[in-house]
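Asks: how would this look folded up:
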Amino acid sequence: MCAMRFQQTATYDAPVADVFAMLTDPAWREKVGVAQGVVSSDVTVTPEGTEGRRVVIDQVQDTEGLPAIAKKIAGPTTRAIVTEVWSSPTTGTIEILAPGKPTKAVGTVSLVADGDRTRHVTDLEVTVKVPILGGKLEQVMADNIGRGLEVEQAVGVAWLEGDR
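Replies: I've put the predicted structure just below:
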């Protein structure tokens, strides 16, 4: 089985330092979870090295709306642990795991200055180790991650405009 490549970019009208501060703010992460409709969420942010941060989001998500085959594997809810390790304010790694499930997504996150704006790039390899159906389920997982990142961006735009 091969992994599916997934990349998504969010653009914010703010400098890199402001976007990094937002991405590593537990209050913002909690607000994103509420907007995504998660069942529960626990967010931990700790220093990483001299200028980085480790962000761990442990959440329970409702699987309503997923295709029947995905719900059969996941159940009515699924737990996702998202770990972002920012080695600096512009570069990090990301890992999305569902304990006890044959799924994972690993890759990188980066913040790129673009004039007065910042691009937040998420680049992942999505893997679902299920014979025959793995590729289809990887697409379902990538689509679900993409929808989550779209909500994250909407909350981020509002946050940077002062909606806290």
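Asks: Per-residue pLDDT of residue 87, please?
Replies: For residue 87, the pLDDT comes out at 97.
Asks: what kind of secondary structure is residue 38 in?
Replies: Put simply, residue 38 is coil when judged by DSSP: H, G, I helix; E, B strand; the rest coil.
Asks: residues near it, how many?
Replies: 18 (other C-beta atoms under 10 Å). Where you see a C-beta, it was placed from the backbone N, CA and C, and this is true even at glycine.
Asks: which residues sit in contact with it?
Replies: By C-beta atoms under 8 Å, 6 or more residues apart in numbering, the contact set of residue 38 is 59, 60, 61, 62.
Asks: In those, find the pair that's most separated.
Replies: 59 and 62 (10.5 Å; C-beta to C-beta).
Asks: quick one: common contacting residues for those two?
Replies: Common neighbours of residue 59 and residue 62 (C-beta under 8 Å, 6+ apart) are 38, 39.
Asks: which one of these two has more residues nearby?
Replies: Shown here are residue 59 and residue 62; by other C-beta under 10 Å, residue 59 has more neighbours (20 against 14).
Asks: Name the helix or strand for the more buried one, please.
Replies: Using DSSP states H and E, residue 59 sits within strand 52-62.
Asks: Report the backbone C-alpha coordinates of stretch 93-100 in PDB.
Replies: Written as PDB, here are the backbone C-alpha positions of stretch 93-100 (Å, rounded to 0.1, in the frame of the first residue of the first chain):
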ATOM      1  CA  THR A  93       6.400  18.500  11.500                       C
ATOM      2  CA  ILE A  94       2.900  17.200  11.900                       C
ATOM      3  CA  GLU A  95       1.600  13.700  12.800                       C
ATOM      4  CA  ILE A  96      -2.100  12.700  12.900                       C
ATOM      5  CA  LEU A  97      -2.800   9.400  14.600                       C
ATOM      6  CA  ALA A  98      -6.000   7.600  15.500                       C
ATOM      7  CA  PRO A  99      -5.100   5.200  18.300                       C
ATOM      8  CA  GLY A 100      -6.100   1.600  17.600                       C
END
